[in-house]
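> sequence plus the predicted model coming up.
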Number of protein chains: 2
Amino acid sequence: MRRKTAEEYIEAIFRIQLNEGGKASTGMIAATLGVSPPSITEMLKKLEREGLVFYEPHAGVRLSQKGQRIAERLSMRHALLASFFQSIGVSPERAERDACQIEHHISEETIARIDEFMQKCRDEKKGEPFV
Amino acid sequence: MRRKTAEEYIEAIFRIQLNEGGKASTGMIAATLGVSPPSITEMLKKLEREGLVFYEPHAGVRLSQKGQRIAERLSMRHALLASFFQSIGVSPERAERDACQIEHHISEETIARIDEFMQKCRDEKKGEPFV
DNA sequence: GATCTAATTTAGGTATACCTAAATTTTTAA
DNA sequence: TTAAAAATTTAGGTATACCTAAATTAGATC
């Protein structure tokens, strides 16, 4: 299976923090990402070195401000993309999955244009799907 | 720098074959991808083992039918995505670059919906940009 | 046709994200 | 409070896409 990126780790931690409130545990992250606990420990150390999380062995991990900003940016992109895909008739599950991938690879500019476009469509026909 | 995927190798070979007609050389692929020639040689052997290319040492490489199908599919996705992004006001360069990334991560279903959507917009206002 | 040059491959090595097994720490329960 | 169970980390190893340097092969020039 494909290797997980730092962004995927950050997203997993972000969601666990939201659901559980507070810190994310090694085991939860491992389960979320489908990666073994030792690999998680290793990666958490790396993310800490990069200033993305605060990690205390045996106690859990939480996002730093920098990590939080990245997670929130990804979260917004995700929501926008999933919403757009559904608007043009993509199934909710597929829209969700595609958003999950594409949020990591799309530029700020294109995100902004999709956002404007959705807004424009909402203004024209209120609430109706585009298609 | 990020590691190149098999799909990126296939695309590079595809474009070189088109431009040069016939086979792609190790050197051309290396220059296209920004990867050293020895790494290219290594990867070509792997792609051959996977049935994606025909590779003859010192003579060059060309896509197998399987490789060709993948390249053409990526090429179509790329064109559709770049066209869509430009339609909503993304700059040509950015549209191009984003398409280059996203073509690898978007589902068949979403591609189909974007295609239909573009078609519908063309039918309504002929030739005008969407925004 | 021999030699010189350029392209390619071989050889050997690095970094990194993963893994399993074993050791340790923390938590739970008797 | 201590023993058992669960979670986590440490130790050690693998696979792979990359690299540089050296060897080889192919093509050009004299």
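Right, received. Where do you want to start? Only a predicted model underlies this, so the values are computations on that prediction, with no experimental measurement involved.

> which SSE is the closest residue to DNA strand D within chain A in?
Among all residues of chain A, residue A:27 sits closest to DNA strand D, at 2.4 Å; criterion: C-beta to the nearest atom of the strand. (Glycine included, C-beta is placed from N, CA and C.) Element membership for residue A:27, per DSSP states H and E: helix A:26-33.

> can you list the residues of chain A near chain B?
By C-beta under 8 Å from any C-beta of the partner chain, the part of chain A that sits against chain B consists of A:85, A:88-91, A:94-95, A:97-98, A:101-102, A:104-107, A:109-110, A:113-114, A:116-117, A:120, A:130-131.

> can we see that at 7 Å?
Residues of chain A found near chain B (C-beta under 7 Å from any C-beta of the partner chain) are A:85, A:88-91, A:94, A:97-98, A:101-102, A:105-107, A:109-110, A:113-114, A:117, A:120, A:131.

> just the buried ones from those residues?
A:85, A:88-90, A:94, A:97-98, A:101-102, A:105-107, A:109-110, A:113-114, A:117 (16 or more other C-beta atoms under 10 Å in any protein chain shown).

> which members of these are positioned in helices?
A:85, A:94, A:97-98, A:101-102, A:109-110, A:113-114, A:117 (DSSP state H).

> among these, which two are most distant?
A:94 and A:109 (24.7 Å; C-beta to C-beta).

> okay, now the domains of chain A?
Residue ranges for the domains of chain A, per automatic domain parsing: A:6-63, A:72-124.

> switch those domains over to CSV; also include mean pLDDT and distance to DNA strand C.
Formatted as CSV, the domains of chain A follow (pLDDT from 0 to 100; distance: least, C-beta to the nearest atom of the strand, whole Å):
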stretch, mean pLDDT, distance to DNA strand C
domain A:6-63, 97, 3
domain A:72-124, 96, 14
